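>>> I'll drop the sequence and a predicted model, then ask my questions.
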Amino acid sequence: MPLAPRWSAPVDRQTVRGLAAVLGTSNAEAHRAGSSPIISTRPSPHNRATRLPALQVPWLGQSVKLAGGFTIAAGDASFSAVVALQLPKPKMCAMSPLYPLRFRPILRRYIWGGRKLGSVLGKELGEGDDYAESWEVVDHGEDQSVVTDGPLAGATLAELVAGRGPELFGMHPPQPRFPLLLKFLDANRKLSLQVHPDDQRARRLDPPDLGKTEAWVVLAAEPDSVIYAGLKPGVDRQQLAQHIQQGAAQESVHRFQPRPGDCVFLPSGVVHAIGAGLLIAEIQQASDTTYRLFDWNRVGADGQPRPLHIEQGLEATDYAAGPVYPQPPRPTGQSHIERLVECEKFVLDRWRLDGPRTLGGDHRFHIVSVIEGQLTVAGDAGKQPLAKGSTVLLPAAVGEVELSPLGAVEFLDAYLPQDFSKA
Ligand SMILES: [Zn+2]
């Protein structure tokens, strides 16, 4: 879509944030917008305005000017116009040493979302009550985490993987893409019943994406919230297909009432659904291959049922897996760390600290995501401590890092297992 030279709707705060997002500039920078020019762009493959030295945003009720003479718009259509600039790709970020990296969260709005990503996890939300997911660390096609702080601000995770692989991955061989994805989910309403294939099936059913093994940590649960996970004993393909056809797939699926702190491990092939009233942190393989088996006989925003992928879903389901229960945490030999999951795709630990400790120095990256309290991380370029709902990626090259909690803090630490080979 060509860039039309002019629109004239007023610019509001939301528009500035949207523009900042499209240009690969952090929200924080957009916020410093006052009544004078503010958003400066930085090189990144997702930053199509890179040849435009500055984006001028006279604050309210004014237009947005791009150097080069374009006046672009407020209002919805303007964002795609910015993307359509299509300027040449800039060079990879400068070779400054790596440091703890914070990223701009990518918010996803779906019909089942709510507002807890803001009210509980501190994300900046706009209007509306359908904020469903906050992608904290992601390198998946167009979905890219963008560094917000320090010398590498504006770089995407894909750029870091391509340009700084050995420093990022340490003992693990450089990867074609960042293998893990961490997100928060606010299930104000229940999600569809779904299943993800394993790597082999994904290659066959949905190339070139990967399979998806995932794990959830329940951050908040309403008293009657339910998780659906795994098939009831004895349910085979025929039985599941029959229940789906009868509009009663829940008859085939095991369910339980989770409590805050529960961890649920879902290897690829395990049928699952997040019930209503749950706030969840999820670590997963960086894949988007989801087969929706059943949508509770409901319709989407347009009044139509959402598409199902029953054949692929039945094919991807592991009928031998059986019911899933919360994972009993395992001791690690260090009293402040418990192991929630250890599988071939990732390891997930939960730390509880009330005094300083070190983390890392084991020649691999760590994703640290705070789920209670506040934490400062040595070398972090962010100006505030990491608060509940904040995530930082520690590249392997930063080595051992000092963590200082402000009071009691709880966080998740996700990393690759020793023998991980390739995403
Ligand atoms: Zn899933």
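Cool, the structure landed.
>>> Compute the number of surrounding residues for the nearest residue to residue 295 once chain neighbours are set aside.
Distances taken as CB to CB, 6 or more residues apart in numbering put residue 192 closest to residue 295, at 4.5 Å, once the chain neighbours are dropped. All C-beta atoms are positioned from the backbone trio N, CA, C, and that covers glycine. Using other CB atoms under 10 Å, residue 192 is surrounded by 19 other residues.
>>> what does residue 141 give?
With other CB under 10 Å as criterion, residue 141 counts 11.
>>> What are the boundaries of the strands in the stretch 151-300 of the chain?
Along the stretch 151-300 of the chain, counting by DSSP state E, counting those that start in this stretch, strands occupy 180-187, 193-195, 214-221, 227-231, 253-256, 263-266, 272-274, 278-285, 291-294.
>>> Can you add mean pLDDT and give these back as JSON lines?
Formatted as JSON lines, those follow (pLDDT from 0 to 100):
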{"stretch": "strand 180-187", "mean pLDDT": "98"}
{"stretch": "strand 193-195", "mean pLDDT": "96"}
{"stretch": "strand 214-221", "mean pLDDT": "98"}
{"stretch": "strand 227-231", "mean pLDDT": "98"}
{"stretch": "strand 253-256", "mean pLDDT": "98"}
{"stretch": "strand 263-266", "mean pLDDT": "98"}
{"stretch": "strand 272-274", "mean pLDDT": "97"}
{"stretch": "strand 278-285", "mean pLDDT": "98"}
{"stretch": "strand 291-294", "mean pLDDT": "95"}
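>>> Reformat those strands as JSON lines; add distance to residue 98 and mean neighbour count.
Converted to JSON lines, these look like this (distance: least, CB to CB, whole Å; neighbours: other CB atoms under 10 Å):
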{"stretch": "strand 180-187", "distance to residue 98": "17", "mean neighbour count": "25"}
{"stretch": "strand 193-195", "distance to residue 98": "36", "mean neighbour count": "24"}
{"stretch": "strand 214-221", "distance to residue 98": "26", "mean neighbour count": "22"}
{"stretch": "strand 227-231", "distance to residue 98": "37", "mean neighbour count": "25"}
{"stretch": "strand 253-256", "distance to residue 98": "41", "mean neighbour count": "19"}
{"stretch": "strand 263-266", "distance to residue 98": "29", "mean neighbour count": "22"}
{"stretch": "strand 272-274", "distance to residue 98": "34", "mean neighbour count": "25"}
{"stretch": "strand 278-285", "distance to residue 98": "21", "mean neighbour count": "24"}
{"stretch": "strand 291-294", "distance to residue 98": "37", "mean neighbour count": "23"}
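>>> Redo those strands as JSON lines? Include distance to residue 371.
What follows is the strands of the stretch 151-300 of the chain, written out as JSON lines (distance: least, CB to CB, whole Å):
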{"stretch": "strand 180-187", "distance to residue 371": "9"}
{"stretch": "strand 193-195", "distance to residue 371": "24"}
{"stretch": "strand 214-221", "distance to residue 371": "6"}
{"stretch": "strand 227-231", "distance to residue 371": "18"}
{"stretch": "strand 253-256", "distance to residue 371": "21"}
{"stretch": "strand 263-266", "distance to residue 371": "11"}
{"stretch": "strand 272-274", "distance to residue 371": "17"}
{"stretch": "strand 278-285", "distance to residue 371": "6"}
{"stretch": "strand 291-294", "distance to residue 371": "28"}
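>>> So residue 345 versus residue 126, what's the distance?
Going from residue 345 to residue 126 by CB to CB, to the nearest Å gives 34 Å.
>>> Neighbour count: these two, which is higher?
Counting neighbours by other CB under 10 Å for residue 345 and for residue 126 shows that residue 345 has the greater number, 24 against 13.
>>> Tell me which residues touch that one, please.
179, 180, 213, 285, 417, 420 (CB atoms under 8 Å, 6 or more residues apart in numbering).
>>> So it versus residue 129, what's the distance?
For residue 345 relative to residue 129 (CB to CB), the value is 33 Å.
>>> Quote the end-to-end distance of stretch 159-174.
With CA to CA, to the nearest Å as the measure, stretch 159-174 spans 13 Å from end to end.
>>> so what's residue 253 up against?
Here residue 253 is in contact with 193, 228, 229, 230, 231, 232, 271, 273 (criterion: CB under 8 Å, 6+ apart).
>>> Correction: the previous question concerned residue 228.
Applying CB under 8 Å, 6+ apart, we find residue 228 in contact with 193, 250, 253, 254, 255, 271, 272, 273, 275.
>>> beta partners of it?
Beta-bridge pairing for residue 228 (DSSP bridges): residue 255, residue 273.
>>> Could you give the number of residues near residue 421?
9.
>>> Could you do residue 122 as well?
15.
>>> From what I see, it and residue 385 are in contact.
No. At 11.7 Å, residue 122 does not count as touching residue 385 under the criterion of CB atoms under 8 Å.
>>> Would you mind measuring from the residue nearest the centre of the chain to residue 285?
The geometric centre of the chain, computed from its C-alpha atoms, lies nearest to residue 135 (CA atoms, centre = their mean), at 2.1 Å. Applying CB to CB, the value for residue 135 to residue 285 is 14 Å.
>>> if I look at these two, which residues touch both of them?
Shared contacts of residue 135 and residue 285, counting by CB under 8 Å, 6+ apart, come down to residue 181.
>>> Leaving out sequence neighbours, find the closest residue to residue 109.
Closest residue to residue 109 in three dimensions, ignoring its sequence neighbours and counting by CB to CB, 6+ apart: residue 130, at 4.7 Å.
>>> what's near enough to touch the one you found?
Residue 130 neighbours (CB under 8 Å, 6+ apart): 109, 110, 111, 112, 113, 114, 188.
>>> count of residues packed around the residue nearest to the last one when sequence neighbours are not counted?
I take that to be residue 188. With sequence-adjacent residues excluded and distances taken as CB to CB, 6+ apart, residue 188 is closest to residue 114, at 3.1 Å. By the criterion of other CB under 10 Å, residue 114 has 22 neighbours.
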